[in-house]
Each structure stands twice: as structure tokens, then as C-alpha cells.
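Colleague: below: sequence and its predicted model.
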Amino acid sequence: MVITHVAPTQNHPSQFSHFEQNSINSTLTQTYFYDSRERKRDRLQMRGEDDDDRHFRREKASRGSSVKNGGSRGRKVIAITGTAAILAVAINFALVAFNSRRRRRKSKELVGSEVRVNMSASEIRKLADRIVAESKEVHDAIASVPADKVNDEHSIKGILLGALSSFVCEFCFRCVRYRDIMALADLEARQFPLIQSCVFPRLVSTSDDVRKASAEAEQRINTHVTSCRKREDVYRILKAFTTRGEWINAEAKSYAHSLIRDFERNGLNLSSTKKDEVQRLQARIDDLSMQYIHNLNDDNTFLLFTETELEGLPNELLKILDRTSNDKVKITLKSNHVLPVLELCKVGATRRKVAVAYGQRCKDVNVPLLENLVLLRHKLARLLGYDNYAEYVVCSRMAKTSSKVFEFLEDLSMSLSELATKELETLKNLKRKEEESPPFGIEDLLYYVKKYEEENFNVDFGALKEYFPLSLGISDGYRNVLLCAGLRFEEIVGADVWHDDVRVFSVFDLSSGELMGYVYLDLYSREEKYDQTCVLPLQNGSLSSNGARQVPVVLLMTQLLKEHIDSPVVLRFSEVVSFFHEFGHVAHHLCNHSSLARFSGLRVDPDFLEIPGHMFENWCYESSILKLISGYYQDITRPIKDDICTSIRRWRHSFSALKLMQEILYCLFDQIIYSADNVDLLEVFKFLHPKVMLGLPFLEGTNPASCFPHSAVGYEASCYSRIWSKVFAADLYASKFHDGILNHHIGMQFRNKVLAPGGAKDPLECLTNFLGREPSIHAFVDSIALSSV
């Protein structure tokens, strides 16, 4: 699928915390074959959720593939129908590729990249048609193997490893063979950059016709992929083949078993009746989850206040808010209105009123929807052989079991309890000085956190951005961090791009000079461009049988505002952190050295995916790096001062324990409802809230189950994953980089042991190999304690 790692800077007032979560966007397309069932969240848009300057929400990178083809020359093929189909497809694809290569020579070519930019609307539609046709032919060819020939040495292997590479070799001037990889792996690898070429224009193109054609192509490919996942004929052949257990390496075995697992998660190993029930449940779950999101998006509730009741809000904001005929100010329940009230309004009664209204959005319609979704998901999981839905979700992730998730969250909660209690008492004391009653409530949290930070940290983030020119950050900061991982960037001038703002870089291994891949940077906001920060793999790396490596290609998009033509673009500090995080994903995509496209790029365990990004974030809080990437925009020889560096580092973890306790609260709720039956959603919150939040009472009148979309769609039973990755990233950084921030030797170990292995290797094993022990929560807890208020 189109892999988009989204990182909008956004907070969620429903939790009154800094719960960095994944957004639900309509930017992702299913394009790889036989991966786990993609969720409807990939086609849902969270509208009305605007940026907050300090905090980030991540889009879970899903999956994708890249390149070439494979085969085994000289093998007899018994299933003539299947072979003929594959040969015909190969010849057709080779001719298309040859003609495309001739056209592309007119512009500066990126050697090894099959990504196509600047296609017209008709070219996109034609390419999508060819992609679907070729995929269908390959699936038909595999399915055509007679059942009694499945175990024949020359039959199934002839189909799976045969003719494609010999024909593509002659027509495409390549010899790419996957001697022990199935034809579906070849299909994934070869088609991924072509599919991305069809789909990504709808995110970046300035042409209405091209965006429309791209969206149509996405839908056409999605429909085809969905039908492929339901092909029992292909499943039976692959199941029979995998039972033979003939694997040349562990990665090939993991690939084959991942195909089978994905088929069986769609119920293809069940009886016809149960399989139909699985598909019915999946369709119903998709419909209900979409309705949950649409209800939140379509909610137009607003509250009316006088300016006196909104004391503390800046005049600039009050001027742009809508008003009634009697001059009352309208506050909607969208986060761009709610967050300023909760952070800035001095009137406690107003904060409480807004918090209650925000926490009961869509209560009458969404609570029954979530209750039904939980019930249906449990039923689905049990049909597929799991005890509950949480086990179904977690078993294929790094955590492995729901009980491990509970253990992780409870251990972290206990370790943070003392520190969080101290932080809460600090805020209560602050409130007593300003207003004696009512007692401190959850609705007061953001206001008094911000008040404490303004009074105790010497950081003016509005003025600070003048010290972070974009050009300096890219040329010095990110370059030096990537040098630590053994990567060298060189800009390519004259490459074919879709807009004049786009820059293209070649990436080389620092020691050998080997080409590692290409990076497109599309950084500036423009009309109709996708409006979030994201990393979008365009081509995944993979290895051919003759040892040639297909290079990865990746796009990083942001929405920076271009200022006056003579003024440099400067970054808010939140954008600096976001850049470091996203460059972590760029480095991961480039350095993943898996030989199979299914396990390369960002196609790794979701619990592991965010670790590199969080790792890279740590560097932009180090004084030496801050000085490296900063310089006053009118005189870049003037970096930020030492005391500002210290304040930024202290600010980073201010009230972090208390904020994290809130996040743990929601993660526990999510895990409980998907691991137990007949749960009263509201009662779970009422029970958990005072226990996790150190006695703070539940906000009466609210029901967070009605407005917590992550448990409804996209992250159900996996909300813990962001904390998981952040905690283990802290362990990696503190244990290995803390005393040698840009140590090249450590950087190369991180690259080789953590980034390079790919999705086929157990991520816990990767982290253990790097650390010399299993990862733990202690470094994360210690880092918070050192910066405690």
C-alpha cells in the first residue's frame, strides 16, 4: 500500500494530555498483495483537527514493496496454462518498461529508480490497468496448477520460479532471479514503484485531472487487491507448497508463512459458512468504524461565551472567531478552538464547560457504535481461532500477547507514579494561588502546565524559530546526524520532479561510496497538496539472485510556509523535532537491507516502526546539535545560547510523567475492552481514571468512549504501541549514544543491527543484539526523572 508516515503536530484535548497518536487519513492505498487486512482508517479523513505547535501525532506506517522479477531458467513447466500467462505478462511488461525507459532518457534519470513522475491523467489510468491485468494473470497462473501437481518438483516451482526473469532479462536488459522466492514476491517487488507512481500524484499534483485520475487508480487497485485476498484457489496452492518446508533461507520461509497468515486472517482456512461470516463481519466492522469517524467529523456543536468568560485568549484569536448577533463568541468543539481554551483561558468554569462538552461529543450515537464494534471484533477473532480481539491484534506484533501489553503498561505506571504525584502536587499548588475553588480537575491540567512552563522556562518559542533557518538545518544538522549512520547526501540538479519546489538527493554509503537510494523533499505548502508531514516510500529495496540491489526511493513531505522571496524559511522548534523524527524514518527506509521487498523499507513490525523516529528526536535536544543546526536567520554565525539549550532540554520532560499517566489510562481502556467480554465502557473509564490519574476524579458528564477514535478504527487493541516504541527508543539512545552523540562507530552499529535487518527478523532480537541485553523501561523513566519539575 502507499506507506505514509504522518506526523501532524497535534494534541488531543479529549485526553487533556500530549497523547501523540496516529491520524486517520484518506491517503493510503492497498498495493501489496497478501498482507494483513488493511483497516478502514486508511480511507478515513479526520477533519477539523489542526496543528498544535509543540506536539506530534504519527501515522502508522503500514506496508509496501518494491522491485524486480525472478525466475529459474532451464526448468520444465508442467502447468502450461500458468506458464503461458506468466510469459505473456512478462513480455508485455518488458516492452512497456523498455519504451518507458526510452522516454525517460530525455530528462536526468535516477539510475535504478522505476518511479515515474509527471505522468498525465491518461498515463496513470493506463498504468493502473496494466498493473491490475498483470497481477490477475500471475494469480491466475498460480491458481492453474493442478492440485495433484502441487508437490511436483517441476510444477509449482516452475510456476513460481520460472519464465519471468528470462524474458524480462532480454527486454529490460536485466537478469533478476528469485530462485527461491515465489512469483507473488516478484509481483510485489516489481509493481510497488509503479503503483506508487499512480497513487502519490493525488497528494502532490497541481492538476485537478491528474489528482482525479490518481484517486481513481487508487480505488481500482484497492478493489483488485481486496479480490486477490479472497482467492481460495491461490491460497490452496500456496498452502500445499509451504507444507513441503523447502526453504533456502529464513527470509524466504518468513515470506511464505506471511502469505498464508494473511490469507487465513481473512478466513480462507475455514469452512465456507464461517468464511462468509468472517467477510460479513469485516464489512460490518468497516461500515461502523467509518460511521464513528463521520459522526465526529460532522459534529458542528458549539458553545457561546462572552469575552469576559474567555479571558486569557489572545486578541488575535478572538478577532477571527465567529460571533452571534449579540456579540457572543462561538467556540466549536474542534481542537483548534478547544485547545486554546484549555491552555489559555483563565476562567476555570469556562475550561470545565468546554472540557465536558468536548468529552461528550456524539455520546448518543458513538457509544453504541463502539460497543457494537467491540462485540463484532471479538466475534471475528474467535472465528479465526483467537481468545479475543486483543490477542488477534497483538500476536503478530512485537509485544506478542495482550498480557505482555498489560505488564508493560502497569510496570511503567508504577515506575512513574511517584514522579507523577509530585508533578500533580506542583500543579495543585499553582491553582491554589490563582483560584481556591473548585478543586484541581482534569480540565485544569493543560492550563496550569502551560502556566508553569511560562513562569519557569526561559523559552520563547515564537522568537526561537528565528534561529532555525531551514537551509541550515538540512545542510548541517540532519546531514551530521545521518553521517553518524554512515550516510552521505548529494543534491541532484536537473532531475525530473512534479514541482519546482521539489529537491532530489542521492544517498551514498560514506565508506564504500555505494548508492543507497534517493530522497525527494517536497517541503512547502501549496494549494491542493496533502496537508500533513509524512514519509512516503516510492520504491523499496530488494536483492536479485545475482546480487544486484534495487535501491530504495522515498519522499518526505511537509507543509512549510514560504515567506517573502528575500527572507529565509525558518522552522518552529516543533518542526525541527518533526524533521528529525521523519529523517529517522527516511534513514530506516534507506538502510533496511532485507533481500525481499515485503520486508524492506518501512515494512516492519508496527511496534518497532516508530523506534528510529523517536531515536532521531533525541538529537535535537542535545546542546551540541542545537548549536549545530541553529543560527539567527540574519546572521547564522549566532547560534542559540547555552541557557536556552538547557531550558529546551528541561522543558522537553516537564510534567511528562503526569502526561504519560493519561496516555496509559487510554491505552489500558483500549486493551481492556478488546480482551474482555461484556464490558461497560463508561464504567471502565470511571474505574480506571482515579486509579491511574492519582485520585483525580473522572470528569462527570463525559464519556470518552464516544470520542476516542483510536479504539474505534485503526489502532484498536494497539494504542499502547506509541508508548512502547518511545520507551525502547529512549533505552537505545541512553545506553549507546548518550556519551557519544555522533559516534560513528555506534551509529554504524545502530544502522547494521537495528535498521538493516528488515521485517523478517524479530525486532526484539534486533534491539537485543544492539544493546547486548533485552530493552527495558528504566532509561525512559530515568530521563524523565532527571528533567522533573
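Modeller: That came through, no problem.
Colleague: in the helix ranked longest in the chain, which residues are buried?
Modeller: In terms of residue count, the longest helix belonging to the chain (DSSP state H) is helix 402-434. Neighbour counts over helix 402-434 (16 or more other CB atoms under 10 Å) mark 402, 405-406, 408-409, 412-413, 415-416, 419-420, 423-424, 426-427, 430-431 as buried. Every C-beta, even on glycine, is put in place using the N, C-alpha and C of the backbone.
Colleague: state the distance from R323 to D299.
Modeller: Plainly put, R323 is 21 Å away from D299 if you go by CB to CB, to the nearest Å.
Colleague: hmm, L732 is touching P775, no?
Modeller: Yes - with contact defined as CB atoms under 8 Å, L732 counts as touching P775 (7.3 Å).
Colleague: can you list residues touching both of these two?
Modeller: Contact with both L732 and P775 is made by residues L767, according to CB atoms under 8 Å, 6 or more residues apart in numbering.
Colleague: point me to the helix or strand that includes Y715.
Modeller: In the assignment (DSSP states H and E), Y715 maps to no helix and no strand.
Colleague: what's the burial count for it?
Modeller: By other CB atoms under 10 Å, the residues close to Y715 number 24.
Colleague: also the one 3 residues further on?
Modeller: Per other CB under 10 Å, the neighbour tally for S718 reads 25.
Colleague: over to it: give its phi and psi.
Modeller: Backbone dihedrals for S718, given as degrees, to the nearest 10, come out at phi -140, psi 20.
Colleague: quick one, what contacts it?
Modeller: By CB under 8 Å, 6+ apart, the contact set of S718 is 393-394, 397, 606, 670.
Colleague: which among the residues you listed end up buried?
Modeller: Neighbour-count burial (16+ other CB under 10 Å) applied to the contacts of S718 gives 393-394, 397, 606, 670.
Colleague: now do the residue lying closest to A712 once chain neighbours are set aside against L470, distance only.
Modeller: Distances taken as CB to CB, 6 or more residues apart in numbering place Y292 nearest to A712, at 4.3 Å, with adjacent residues excluded. Y292 sits 38 Å away from L470, going by CB to CB.
Colleague: so which of those two has more stuff around it?
Modeller: For Y292 versus L470, neighbours defined as other CB under 10 Å are more numerous around Y292 (27 against 19).
Colleague: got a list of what the more buried one touches?
Modeller: Listed by CB under 8 Å, 6+ apart, the contact set of Y292 reads 366, 369-370, 373, 709, 712-713.
Colleague: which one of those residues is nearest to S525?
Modeller: Nearest to S525 out of the contacts of Y292 is P709 (CB to CB; 25.6 Å).
Colleague: ok, and the closest non-adjacent residue to the closest one?
Modeller: Of all residues not flanking P709 in the chain, I293 sits nearest, at 5.8 Å (CB to CB, 6+ apart).
Colleague: now find how far off-centre the helix or strand containing the one you found is within its chain.
Modeller: According to DSSP H and E, I293 maps onto helix 272-298. Mean-position distance between helix 272-298 and its chain equals 22 Å (CA atoms, centre = their mean, to the nearest Å).
Colleague: quick one: the residue lying farthest from the centre of the chain from A349, how far?
Modeller: The centre of the chain is farthest from one residue, N326, which by CA atoms, centre = their mean lies 45.6 Å away. Noted for N326: a distance of 20 Å to A349, by CB to CB.
Colleague: can you check V278 too?
Modeller: V278 is 51 Å from A349, by CB to CB.
Colleague: when these two are compared, which one has more neighbours?
Modeller: Ranked by neighbour count (other CB under 10 Å), V278 and A349 place V278 first, with 20 against 12.
Colleague: quick check: that one touching S272?
Modeller: No - judged on CB under 8 Å, V278 makes no contact with S272 at a distance of 10.8 Å.
Colleague: burial of V754, as a residue count?
Modeller: A count of nearby residues for V754, using other CB under 10 Å, gives 22.
Colleague: how about it, secondary structure?
Modeller: Three-state assignment for V754 (DSSP: H, G, I helix; E, B strand; the rest coil): helix.
Colleague: what of A676?
Modeller: coil.
Colleague: ok, it - contacts?
Modeller: So A676 contacts N388 (CB under 8 Å, 6+ apart).
Colleague: ok, now G541?
Modeller: 66-67, 517, 549-552, 590, 592-594, 597, 600-601.
Colleague: next structured bit after the least confident helix or strand in the chain by mean pLDDT?
Modeller: Among the helices and strands of the chain, helix 164-172 carries the lowest confidence by mean pLDDT, DSSP states H and E, at a mean of 34. Following the chain from helix 164-172 toward its C-terminal end, the next helix or strand by DSSP H and E is helix 183-199.
Colleague: tell me which other helices or strands that following helix touches.
Modeller: Identification of packing neighbours for helix 183-199 by 3 or more CB pairs under 8 Å, 6 or more residues apart in numbering; DSSP states H and E yields helix 121-143, helix 156-161, helix 208-228, strand 534-539.
Colleague: and with 6 Å instead?
Modeller: For helix 183-199, the contact count by 3 or more CB pairs under 6 Å, 6 or more residues apart in numbering; DSSP states H and E identifies helix 121-143, helix 208-228 as packing neighbours.
Colleague: would you format these as a markdown table with mean neighbour count and distance to G462 included?
Modeller: Shown next, in a markdown table, are those (neighbours: other CB atoms under 10 Å; distance: least, CB to CB, whole Å):
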| stretch | mean neighbour count | distance to G462 |
| --- | --- | --- |
| helix 121-143 | 20 | 43 |
| helix 208-228 | 18 | 35 |
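Colleague: what is the mean pLDDT for the helix holding I293?
Modeller: Throughout helix 272-298, pLDDT has a mean value of 96.
Colleague: also stretch 249-268?
Modeller: Averaged over stretch 249-268, pLDDT sits at 89.
Colleague: how far away from the center of its chain is it?
Modeller: Distance, centroid of stretch 249-268 to centroid of chain: 23 Å (CA atoms, centre = their mean).
Colleague: quick check: phi and psi on V553?
Modeller: Per degrees, to the nearest 10, the backbone of V553 is at phi -130, psi 140.
Colleague: what about the longest helix of the chain, distance to the chain center?
Modeller: Distance, stretch centre to chain centre, for helix 402-434: 27 Å (CA atoms, centre = their mean).
Colleague: and stretch 363-375, by the same measure?
Modeller: Taking CA atoms, centre = their mean, the mean C-alpha location of stretch 363-375 is offset from the chain mean by 26 Å.
Colleague: ditto for stretch 285-299
Modeller: On CA atoms, centre = their mean, the centre of stretch 285-299 falls 21 Å from the chain's centre.
Colleague: and C719, which of the three is it?
Modeller: Three-state call for C719 (three-state DSSP): coil.
Colleague: what are the boundaries of the helices in the stretch 251-400 of the chain?
Modeller: Applying DSSP state H, counting those that start in this stretch to the stretch 251-400 of the chain gives helices spanning 272-298, 315-320, 335-344, 348-359, 363-383, 389-394.
Colleague: which of these sits most buried?
Modeller: Most buried of the helices of the stretch 251-400 of the chain by mean neighbour count (mean count of other CB atoms under 10 Å) is helix 389-394; its value is a mean of 24.
Colleague: contacts for that one, please.
Modeller: 377-378, 381, 386, 402, 671, 674-675, 717-718 (CB atoms under 6 Å, 6 or more residues apart in numbering).
Colleague: can I get it in CSV, CA atoms only?
Modeller: Output of helix 389-394 as CSV, limited to C-alpha atoms (Å, rounded to 0.1, in the frame of the first residue of the first chain):
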residue,chain,number,x,y,z
TYR,A,389,-9.6,-9.4,19.6
ALA,A,390,-6.7,-8.1,21.6
GLU,A,391,-4.9,-11.5,21.1
TYR,A,392,-5.7,-11.4,17.4
VAL,A,393,-4.1,-8.0,17.1
VAL,A,394,-1.1,-8.3,19.4
